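Participant: based on what follows, work out the 3D shape:
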Amino acid sequence: MFRRVQVMLISLFTVVFTLCSTHTGFGQNESGTRYLDKGKFQEHRAWYDSTNAMFQIQYPIIRSLPPLSTGMPLDILYSYIYADSLVRFDSTREGVKRIWNWSSPNDTLKNMVKYFYKMQDYNPVTLAQYTNEVDLKRKVTYRVSLGDLQNALQEKLRVLTQNISDRNAMYSLLRPDYILRIKVISKDSMINKRSSLGYYRYSVLAEVIDTLKGNVFQTASSGSTIKTGGDGHVQSVTHPLIRFQYTPINYFDPESETDPATYLERDSAFMTPTGEFTMNIGQEAVVFLRHVNHLSDYQYDYYDLDLDCRSSYNALPIANDNVSDVNHVWLPNTISSYSQWKSRFEELRTALMSGTF
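Facilitator: Next comes the predicted model:
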């Protein structure tokens, strides 16, 4: 028995190192520089420069495809190898087409969704960068968009989830990179350079009180105190800090939307007098965040880490340790204790991991 396990591990790590050595060099190298057509990227407004620099998070580029490391848990490592094979060799895009044609939540769908969730939860930064790097190498190295594959799985699972009351909750579990309980420490704003509509982007500095999904994030500060607001007030901080963004149009007119995942009710805790989305200093919430609006340069990837309006309508406010869910995504009651809400979250995550949904 021990010998078989030993042989299996040796074979696995042989595959890992072979893949690492094979995939390094498709536009990346050990120096941490990739070679891109800057002019073409600027033409498509995909190059990071002074014309679009705002509150983006900067990450050094990944240096191997797939992004394997011997420190990864085996299930995460296997998942990356499998996902890479799917998008590298499916020249006819039959895999994505087949997913859209499924009419029942079969075991293949359940397992694929489960392992994408695991990759995302383990390190959402790496998965986001890998997804975009696959897109940069489409038609050269890869045949299918990893983002299209993941989106097809999430959308199909949402409509095929047997218990209708679980659908939006399961979707809100799968879709975001992060699900966090936070407290708003401060916020900043600037005109959105990516839009001609003249509205602002807001950058929130928040204390992460509880991490529910997304175990790796870029911390905004390591200090124990921080100034909040323009009055010079200094607040003690005991948890890690994160920066994320939103815009006033994170609340939108549901009558203009045909998306089945659209939510009908806005929570007054996040509303301006004119019905736009906002967050306030001192406010606590469960937030649902995604890396979006990818930009590139030679050494770095840049993302807006945004509230995701399709996941539980951006955020669920918390007051007196009670969670408000006006769209009843997670529980039938509008108000529940945080412990009750978290138990529901863990119940759905367990169902996802066991394939019993």
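
Participant: any idea which helix or strand carries the nearest residue to Phe357 once chain neighbours are set aside?
Facilitator: Using Cβ to Cβ, 6 or more residues apart in numbering and skipping the chain neighbours, the partner closest in space to Phe357 is Ala351 (4.2 Å). C-beta here means a position set from N, CA and C on the backbone, and glycine is covered the same way. With the criterion set as DSSP states H and E, the secondary-structure element containing Ala351 is helix 338-354.

Participant: and for Ser79?
Facilitator: The secondary structure element spanning Ser79 is helix 74-89 (assigned by DSSP H and E).

Participant: please apply the same query to Val323.
Facilitator: Val323 is part of strand 322-324, with elements assigned from DSSP H and E.

Participant: give the pairing partners of that strand; include direction for each.
Facilitator: Strand 322-324 pairs in its sheet with strand 315-319 (antiparallel), strand 335-337 (antiparallel), by DSSP bridges.

Participant: mind putting the ones you listed into CSV with distance to Asn192, mean neighbour count and mean pLDDT?
Facilitator: Formatted as CSV, the entries for the strands paired with strand 322-324 read as follows, by distance: least, Cβ to Cβ, whole Å; neighbours: other Cβ atoms under 10 Å; pLDDT from 0 to 100:
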stretch, distance to Asn192, mean neighbour count, mean pLDDT
strand 315-319, 20, 21, 98
strand 335-337, 34, 15, 98
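
Participant: hang on, the earlier thing: distance from the chain centre to the helix holding Ala351, please.
Facilitator: 19 Å (Cα atoms, centre = their mean, to the nearest Å).

Participant: quick check: buried residues in that helix?
Facilitator: The neighbour-count check on helix 338-354 (16 or more other Cβ atoms under 10 Å) flags Tyr338, Trp341, Lys342, Arg344, Phe345, Leu348, Arg349, Ala351, Leu352 as buried.

Participant: so what's the fifth one closest to, chain neighbours aside?
Facilitator: Beyond its immediate neighbours in the sequence, the residue positioned closest to Phe345 (Cβ to Cβ, 6+ apart) is Leu212, lying 6.1 Å away.

Participant: next, the spatially most central residue of the chain: phi, psi?
Facilitator: Relative to the mean C-alpha position of the chain, the nearest C-alpha, by Cα atoms, centre = their mean, is the one of Asp177, at 2.1 Å. For Asp177, the backbone dihedrals (degrees, to the nearest 10) come out as phi -80, psi -30.
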